[in-house]
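Trainee: got a structure for you, letters missing:
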């Protein structure tokens, strides 16, 4: 048996596109989260991801995937970046940086949006948290943290207080249908008052303050917890002392997010694609100004016809990143994400194609001699989850 | 790691269990462990003629795809049809319920190119993780 290929679960460095490497900072591949030793003690398989050494799996991707859909999993997501900003959103230039409306956000709201370049290429996807009238937390991807920080600095007024707190802020994702019950034990009944895409501050341990938002990347009811590095080990242990909770790695995080057709930056989103092509215009507010707006407007008028599709294989065979998407022998695009879907029992994936293809269209994925028949399906692949169950 | 004493092994982590003129073929415990959860397997067809060390099957896990090579030359006489719907049998029972196929091997001398259990054990221990 000889290994033919590996799909890295979303290492966002675009190594397959040599022309673009120059725009990315070289990343030290061995950054460790505060939970590194805890992962080793649990027998995790570790691998590089976005410049970090991260747990890919503990007992196995399929078991962890199923446990997240049925109970509760805790994920170490300390590699993601967090910025703190104290500023008026308009005067500081912050509102112009993000495609979504920021100024109208209520306190305690989270909002998903994009950071674009002038050509409307996606520099990153991010979530903005409004902590107070002029106080914000911005959560970005691991591999793009440094370049995003520079992009913000370049476009923000020099007078505002803007800090990259990634090195001292830890993040745990607690995801699954029983997550509200589990977190109520730790943070109290106020957890259940959080609506989807809102957050609140909670106290734990020695009255330590942390932020808990009802957000996630799995499609299940779930929360993301931001806490100082010094306390994350205690929180991790406390969560795992609950018999309903198991640790889950980035391997199943990838299969979980793909079943929801959530895009992964560096694969399904990058600076060569716009929110229009990604089918994500609902996270763009054209009634306000933002960097890339003119280009995106022009693109809408011209419409290249390139767009992100979701497809499902007729077998258990996995589509993989980089496979060609073919229509009757003609290449029309490339797979950007693909995997076996544990919930559906077939291969699923996403990719960009040029042309008018609608639901039900029959296409073929091709890689050397391998051909996988697929059919266009609607987003998300998985329709019924616990995401909005409370 | 489990390395049963009654099998022959290749450097590519296939095993063969010889019963008369028949060889049962599969992948080793080490192989299934490195692949992780196996989600798909593409087996040769009964009647297919295989050559030693030539491609004979594909095995996919959530994160990887691998080619499997025939440990011996000969004709495939039957495949483990359970693997189509239950490829996890390869993880759970790599040497028994997770076997890939049976073949009637044609060249006794080829067995000399395979490793016995102690040699394979030593070989795997020498591999870097």
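Mentor: Yep, it's here. Model, not experiment: these values are computed from the prediction.

Trainee: Chain A contacts on chain B?
Mentor: Of all the residues in chain B, those in contact range of chain A (CB under 8 Å from any CB of the partner chain) are B:12-14, B:27, B:31, B:34, B:36-37, B:39-40, B:42, B:58-60, B:62-69, B:87-88, B:91. The way it works is simple: take the backbone N, C-alpha and C, and place the C-beta from them, glycine included.

Trainee: low-confidence ranges in chain B?
Mentor: Across chain B, the stretches falling below the confidence threshold (pLDDT under 70) are B:128-129.

Trainee: so where do the helices sit in it?
Mentor: In chain order, chain B shows helices spanning B:29-35, B:89-92, B:117-125, with DSSP state H as the criterion.

Trainee: Highest mean neighbour count out of those helices?
Mentor: helix B:29-35 (a mean of 21; mean count of other CB atoms under 10 Å in any protein chain shown).

Trainee: So what touches that helix?
Mentor: The set of residues external to helix B:29-35 that reach it, using CB atoms under 8 Å, 6 or more residues apart in numbering or on different chains, is A:1, A:3, B:1-3, B:13-14, B:38, B:59, B:61, B:64, B:66, B:90-91, B:94-95, B:98, B:124.

Trainee: Count the neighbours of the nearest residue to residue B:43 once chain neighbours are set aside for me.
Mentor: By the measure of CB to CB, 6 or more residues apart in numbering or on different chains, the closest residue to residue B:43 outside its immediate chain neighbours is residue B:79, 4.5 Å from it. Residue neighbour count, defined by other CB atoms under 10 Å in any protein chain shown, stands at 21 for residue B:79.

Trainee: try residue A:326
Mentor: Neighbourhood size, residue A:326 [other CB under 10 Å]: 17.

Trainee: How about the one 10 residues further on?
Mentor: Residue crowding around residue A:336 was assessed by other CB under 10 Å; the count is 24.

Trainee: so how far is residue B:109 from it?
Mentor: Plainly put, residue A:336 is 49 Å away from residue B:109 if you go by CB to CB, to the nearest Å.

Trainee: I'd assumed residue A:103 was in contact with residue A:90.
Mentor: Yes - with contact defined as CB atoms under 8 Å, residue A:90 and residue A:103 form a contacting pair (6.2 Å).

Trainee: that older thread, I'd like to know which of the residues of chain B next to chain A are buried.
Mentor: For the residues of chain B next to chain A, a burial check counting by 16 or more other CB atoms under 10 Å in any protein chain shown picks out B:12-14, B:27, B:31, B:34, B:36-37, B:39-40, B:42, B:58-60, B:62-69, B:87-88, B:91.

Trainee: As a check, name the ranges of all strands in the stretch 201-350 of chain A.
Mentor: Counting by DSSP state E, counting those that start in this stretch, the segments of the stretch 201-350 of chain A that form strands are A:208-213, A:222-228, A:245-247, A:306-313, A:324-327, A:330-341, A:346-354.

Trainee: centroid residue for the chain?
Mentor: Using chain A. For chain A, the residue lying nearest the average C-alpha position, counting by CA atoms, centre = their mean, turns out to be residue A:264 (5.4 Å).

Trainee: my question was about chain B
Mentor: The residue lying closest to the centre of chain B (CA atoms, centre = their mean) is residue B:26, at 2.4 Å.

Trainee: Run a quick neighbour tally on residue A:47.
Mentor: Applying other CB under 10 Å, we find 19 other residues in the vicinity of residue A:47.

Trainee: no no, residue A:285
Mentor: Using other CB under 10 Å, the number of residues around residue A:285 comes to 19.

Trainee: My understanding was that it contacts residue A:103; is that so?
Mentor: No - applying CB under 8 Å as the test, residue A:285 and residue A:103 come out as separate, 10.2 Å apart.

Trainee: which neighbours do these two share?
Mentor: Contact criterion CB under 8 Å, 6+ apart; residues shared by residue A:285 and residue A:103: none found.

Trainee: that older thread, mark which of the buried ones among the residues of chain B next to chain A are part of strands, please.
Mentor: Those of these mapping onto strands are B:14, B:27, B:39-40, B:42, B:58-60, B:64-69, per DSSP state E.

Trainee: now those in a markdown table, with distance to residue A:277?
Mentor: Supplementary listing: those in a markdown table, determined by distance: CB to CB, whole Å:
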| residue | distance to residue A:277 |
| --- | --- |
| B:14 | 44 |
| B:27 | 41 |
| B:39 | 30 |
| B:40 | 30 |
| B:42 | 34 |
| B:58 | 33 |
| B:59 | 35 |
| B:60 | 29 |
| B:64 | 29 |
| B:65 | 28 |
| B:66 | 34 |
| B:67 | 35 |
| B:68 | 39 |
| B:69 | 42 |
